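Chemist: Give me a 3D structure for the following:
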Amino acid sequence: MTIELHTWNTPNGRKISVALEEMGLPYRVIPVNISKGDQFKPEFLAISPNNKIPAIVDPDGPDGQRVSVFESGAILLYLGEKTGKFLPKPLIERIPVLEWLMWQMGGFGPMPGQVHHFIALENEQDRAYGLKRYMAETRRLYAVLDKRLADREYVADALSVADFAILGWAWRHPRHKVDFADFPNVGRWYERLMARPAVKRGMEAKLD
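Modeler: Below is the predicted model:
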């Protein structure tokens, strides 16, 4: 049955469209126009009480029951469990997937997101302070990722939901003012992922 993807064209939305394509799950996009406040509508809050995109509704959830899931990291884990893909069963193999997924959720998303905010400010004093602080942290996170990828193709060795989560934000590297020439291992990882047909479909899916 077709999964509903309630989202908008953002890094967090792209994580899920890429994962759905890679997992071969049928889905349809229900746009949530966050610039017009659609995320505050009662029907969306019913499935995403934190008024953030994305959220999914799976009509064929556990035991055949309809289920909704919000928060992109939770959605990725749910889809990995549902399909048995990109989320290893052995705990020893799952640990790095969870580590790098939480790394993305806790840092490599919130920090570049602040760059997105401050770069758009008109007040130069506010803009300069915010960009200095958050661009430095964003570059530090890119350096952490670059070091991790120095001797492996994917963050948890095998391709996983953690890669999809990180890719959603690395996709916006031009907006972060980050040049992959400074982080060549990230650049190689990024190009490898973006060359995958399912990732390409997920990135080109119309989410708005």
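
Chemist: counting contacts, what elements does whichever helix or strand residue 21 is part of pack onto?
Modeler: For residue 21, the element it lies in under DSSP states H and E is helix 11-23. If contacts are counted by 3 or more CB pairs under 8 Å, 6 or more residues apart in numbering; DSSP states H and E, helix 11-23 sits against strand 3-7, strand 27-31, helix 72-83, helix 161-170, helix 197-204. No exception for glycine: its C-beta is placed from N, CA and C like everyone else's.

Chemist: try it again with 6 Å
Modeler: helix 72-83, helix 161-170, helix 197-204 (3 or more CB pairs under 6 Å, 6 or more residues apart in numbering; DSSP states H and E).

Chemist: Compare those and report which one is nearest to residue 121.
Modeler: Smallest distance to residue 121 across the helices and strands packed on helix 11-23 (CB to CB): 20.5 Å, for helix 161-170.

Chemist: Return the list of helices and strands in contact with the helix or strand bottoming out on mean pLDDT in the chain.
Modeler: Taking mean pLDDT, DSSP states H and E as the measure, helix 110-119 is the helix or strand of the chain with the lowest mean score, a mean of 88. Under the contact criterion of 3+ CB pairs under 6 Å, 6+ apart, helix 110-119 touches helix 124-148.

Chemist: Next, the angle helix 110-119 makes with the helix it packs on.
Modeler: Interaxial angle, helix 124-148 versus helix 110-119 (axes from the mean of the first three to the mean of the last three CA atoms, to 10 degrees): 150 degrees.

Chemist: report the angle between the axes of helix 124-148 and helix 161-170?
Modeler: Relative orientation of helix 124-148 and helix 161-170, computed by the same axes, to 10 degrees: 150 degrees.

Chemist: Tell me the buried residues in helix 124-148?
Modeler: 130, 131, 134, 135, 137, 138, 139, 141, 142, 145, 146, 148 (16 or more other CB atoms under 10 Å).

Chemist: Excluding chain neighbours, give the residue nearest to the first one in space.
Modeler: Across the structure, with CB to CB, 6 or more residues apart in numbering as the measure, the residue nearest residue 130 apart from its sequence neighbours is residue 118 (3.0 Å).

Chemist: Confirm for me that that neighbour is in contact with residue 129.
Modeler: No - using CB atoms under 6 Å, residue 118 is not in contact with residue 129, being 7.9 Å away.

Chemist: Can you tell me which of the buried residues of helix 124-148 lies closest to residue 194?
Modeler: Residue 194 lies nearest to residue 145 out of these, by CB to CB, at 15.5 Å.

Chemist: does the closest one really touch residue 186, like I thought?
Modeler: Yes - counting by CB under 6 Å, residue 145 touches residue 186, with 5.4 Å between them.

Chemist: Check the gap between the residue of the chain most remote from its centre and residue 118 for me.
Modeler: Within the chain, the residue lying farthest from the chain centre (CA atoms, centre = their mean) is residue 125, at 30.8 Å. The spacing between residue 125 and residue 118, counted by CB to CB, to the nearest Å, is 11 Å.

Chemist: ok, now residue 148?
Modeler: 27 Å.

Chemist: pLDDT averaged over stretch 64-81 - what is it?
Modeler: Mean pLDDT, computed over stretch 64-81, is 98.
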